[in-house]
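1. Pasting the sequence and the predicted coordinates here, then a few questions.
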Amino acid sequence: MNALPKFVASTTLTNATWSNTTIIAGDVPDAVARMKQEPGEDIALIGSSHLASTLAAHGLIDEFRFFVVPVLLGRGKRVLDGLPQRVALTLRETRVLPSGVVAQYHTPAGTSFELRGRPAPTWSRPGAPPPWTSGGHPSCRRSSAG
């Protein structure tokens, strides 16, 4: 994890103490849109429903991975609380894990990986193992140009 490039969107941090970390301040959607145009690996968003809502509202998330854990809490936080408008999703794949967790893979309705110039993720191809250890998170695909 230390070797991977990391980007932190923050209104309070001014410097990063973790290796290979860049602070994004100001117009975060614009910065992410620019990063998506650069060649490189996909960008994964982990740990911020507020940031996910902001990026989804700007059409910057290309895939959503949801892991439904069979536990009833009775209360809790909405997945993308604060999303200013409804975003229709298309279910691309569902798998039930031995633990009973249901893994769902979605893309925004009306989009496909082929339309964005990228192949489907390896784990969604028949016979390929899914990377469940990567966690449930939305991600943005970088441009394949470059």
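-> Thanks, I have it.

2. Name the helix or strand for Leu91, please.
-> For Leu91, the element it lies in under DSSP states H and E is strand 89-96.

3. ugh, wrong one, I meant Leu55
-> Assigned by DSSP H and E, Leu55 belongs to helix 49-57.

4. I'd like to check the angle between that helix and strand 89-96, please.
-> Counting by axes from the mean of the first three to the mean of the last three C-alpha atoms, to 10 degrees, helix 49-57 lies at 130 degrees to strand 89-96.

5. Next, the angle strand 89-96 makes with whatever helix or strand comes next after helix 49-57.
-> Moving toward the C-terminus from helix 49-57, the next helix or strand (DSSP H and E) is strand 64-68. With the same axes, to 10 degrees as the basis, strand 64-68 and strand 89-96 are set at 40 degrees to each other.

6. What is strand 64-68 packed up against?
-> The contact analysis (3 or more C-beta pairs under 8 Å, 6 or more residues apart in numbering; DSSP states H and E) places strand 64-68 against strand 102-108. Any C-beta I mention is one placed from the backbone N, CA and C, and that applies to glycine too.

7. average pLDDT across the strand it packs on?
-> Throughout strand 102-108, pLDDT has a mean value of 91.

8. Let me see the ranges of the helices in the chain.
-> Listed in chain order, the helices of the chain (DSSP state H) span residues 28-37, 49-57.

9. Dump the helix holding Leu55 to CSV, keeping only the CA atoms.
-> Extracted C-alpha coordinates of helix 49-57, given in CSV (Å, rounded to 0.1, in the frame of the first residue of the first chain):
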residue,chain,number,x,y,z
SER,A,49,-19.4,8.7,1.1
HIS,A,50,-19.4,12.5,0.8
LEU,A,51,-16.7,12.5,-1.8
ALA,A,52,-18.4,9.6,-3.6
SER,A,53,-21.6,11.6,-3.7
THR,A,54,-19.7,14.6,-5.1
LEU,A,55,-17.9,12.6,-7.8
ALA,A,56,-21.1,10.7,-8.7
ALA,A,57,-23.0,13.9,-9.1
